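Colleague: Need coordinates for the following:
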Amino acid sequence: MKKALVLVLLAYVILISQLNLAAQYQGITITVNPDGWCRVEEVLNVSNVIMEIPLLGDPSYITILDEEGLPLNYTMENRTLIVNAEASTILNITYDTQSLTFKQGIVWILNLTENLSSPIIVRLIGAPDIVGISSTPLSIKEGTNYLEFIMRAPFSIEYVYTSPPVENKQGTPYLYITSIIIALIVAFLWWFNTKRRVRRFGYSLDSVGLSILSSLADGDKALSELRKELSIPKTTLWRRAKRLEENKLLEIRKTPSGSILTITKEGREALKER
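Modeller: Numbering: from 1, shown residues only. Take a look at the predicted model:
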């Protein structure tokens, strides 16, 4: 009886852990280059302050950004990523690995042995010929220079490059050079305008900061009221408000009923600059 109870509890724990893992992942994309290197991009929902995430293969060049594009601290233990997610809600993880593929003669093999509940997008650059696949894809898409599958892991795909990967050579050199020049001019104007605002106010307003100050221009507001009006997550709103306060663009007063935000003179001047 005790043995049966232990087995039931063990099965329950495994089921819950798999459900939690499935709920965390928003998407996984593996981009496979002709030289065998893979770029892995994972998007996860944050469920704990400290997130433990197993990575695929032997990862290198790891970057981890939150939903605002800010980098997060992490450590690695046996190919498991340990991230201090703090007040983040989304993790965007990107890394490269060469251990997911190997070559036998002219045949490349992409082999994913991990048992993941989330479907995986596999994008083979160069649109190679498929000579073997371990399971039926959920969908197949063919582009001008890539072949894309949606698969359920574990799986393996065998493919061959019968000709060199096609490079996109559309357009003329003159059009290409003109596009670069225009892009450089636009980038310079954006940089100059941003630097001018930063020199004056010590802080460059983005869309979120601008929305907060614009709302406060009509009068003081509680943090909870501002969150409902702007539909911004509480943690994101609080971090942006603190950053605006540090740059003297608004003031935060704590009252028994909650935090009250007030735009400053500098904040109103920053709004006029926009």
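Colleague: all contacts plus neighbour counts: C-alpha atoms, from now on.
Modeller: Noted.
Colleague: quick one: the residue nearest to the spatial centre of the chain from Ile30, how far?
Modeller: Using CA atoms, centre = their mean, the residue of the chain that lies closest to the mean C-alpha position is Asn92, 2.4 Å off. Using CA to CA, to the nearest Å, Asn92 is found at 14 Å from Ile30.
Colleague: Between these two, which contacts overlap?
Modeller: Taking CA atoms under 8 Å, 6 or more residues apart in numbering as the contact definition, Asn92 and Ile30 share the neighbouring residues Glu41.
Colleague: Surely Leu244 is within a strand?
Modeller: No. Secondary structure of Leu244, determined by DSSP: H, G, I helix; E, B strand; the rest coil: helix, with no strand assignment.
Colleague: wait, it sits on Leu261?
Modeller: No. Counting by CA atoms under 8 Å, Leu261 is not a contact partner of Leu244; they are 10.5 Å apart.
Colleague: sorry, back to before: ok but the residue nearest to the centre of the chain is inside a strand, no?
Modeller: Yes. Remark: Asn92 belongs to a strand, assigned using three-state DSSP.
Colleague: Who are the contact partners of it?
Modeller: With contacts defined as CA under 8 Å, 6+ apart, Asn92 is in contact with Glu41, Glu42, Val43, Leu44, Ile64, Leu65, Asp66, Glu67.
Colleague: can you tell me how far it sits from Ser60?
Modeller: Relative to Ser60, Asn92 is positioned 15 Å away (criterion: CA to CA).
Colleague: same thing with Leu205?
Modeller: If you go by CA to CA, the gap between Leu205 and Ser60 works out to 34 Å.
Colleague: between the two, who's got more neighbours?
Modeller: Residue environment comparison for Leu205 versus Ser60 gives the larger neighbour count to Leu205, 18 against 12, counting by other CA atoms under 10 Å.
Colleague: residues contacting Glu86?
Modeller: Applying CA under 8 Å, 6+ apart to Glu86 gives the contacts Val49, Ile50.
Colleague: returning to what we had before: and which of the contacts of Asn92 is nearest Thr144?
Modeller: Here the nearest of the contacts of Asn92 to Thr144, counting by CA to CA, is Glu41; it sits at 21.7 Å.
Colleague: tally of neighbours for that closest one?
Modeller: If we define neighbours as other CA under 10 Å, then Glu41 has 17 of them.
Colleague: Just give the nearest non-adjacent residue to it, would you?
Modeller: Spatially, and ignoring its direct neighbours in sequence, Glu41 is nearest to Thr94 (4.6 Å; CA to CA, 6 or more residues apart in numbering).
Colleague: So the one you found sits against Cys38, correct?
Modeller: No. Taking contacts as CA under 8 Å, Thr94 lies outside contact range of Cys38: 10.6 Å.
Colleague: Who has more neighbours out of these two?
Modeller: Comparing Thr94 with Cys38 by other CA under 10 Å, the one with more neighbours is Cys38, at 25 against 20.
Colleague: residues contacting the nearest residue to the more buried one once chain neighbours are set aside?
Modeller: Once flanking residues are discounted, Cys38 sits nearest to Val32: 4.5 Å by CA to CA, 6+ apart. Under the criterion of CA under 8 Å, 6+ apart, the neighbours of Val32 are Cys38, Arg39, Val122, Arg123, Leu124, Ile125.
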